[in-house]
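Chemist: model the following, please.
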Amino acid sequence: MPLTAADRFAITDLINLHGHLIDSGDFERLFAVFTEDVTYDVTALGGGVLEGLAGAHEAALALGEANPVAHHVTNVVLGETADGVVRALSKGFGVLTDGSIGSVTYEDTIERGQEGWRITHRTVRPRSTPLQP
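Modeler: Next up, the predicted model:
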């Protein structure tokens, strides 16, 4: 069954909510974005593969003052697979405490569960070279 407009809005809101929770330090509410057993791959940023909500929470706390002060997401593109899993591709940029800005691409796998749509896998890839995949 194709994604409905309501599904698309819910998934886009889900992706957008991530930055608000992270930027406010509201790590206890990450369950509203990710599944309990999420795989969060920040290998390309030097952080390895974080397993579960606890792993993502611990990594954010460990970064401390090195966390960006603002996460922004844009250019969300959704694609549904035959089994109802959604693949989302989006662009993100973060503002650091010194005012510098970094750009990333988010590659998300999203599934509908009892609580609604949640991200089950996220890969974050830094963007620093133009015209590259």
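Chemist: confidence-wise, which helix or strand of this protein is lowest on average?
Modeler: Taking mean pLDDT, DSSP states H and E as the measure, the chain has helix 52-63 as its least confident helix or strand, at a mean of 93.
Chemist: pLDDT score for Pro130?
Modeler: Confidence at Pro130, expressed as pLDDT, is 92.
Chemist: related to what we said a few turns ago, remind me what the least confident helix or strand of the chain packs against, helices and strands.
Modeler: For helix 52-63, the packing partners by 3 or more C-beta pairs under 8 Å, 6 or more residues apart in numbering; DSSP states H and E come out as strand 34-41, strand 49-51. Backbone N, C-alpha and C define where each C-beta goes, glycine included.
Chemist: wait, which of these is closest to Pro126?
Modeler: Nearest to Pro126 among the helices and strands packed on helix 52-63 is strand 34-41; the distance by C-beta to C-beta comes to 12.3 Å.
Chemist: quick one: buried residues of that closest one?
Modeler: If you call a residue buried by 16 or more other C-beta atoms under 10 Å, then strand 34-41 has these buried ones: Phe34, Thr35, Val38, Thr39, Tyr40, Asp41.
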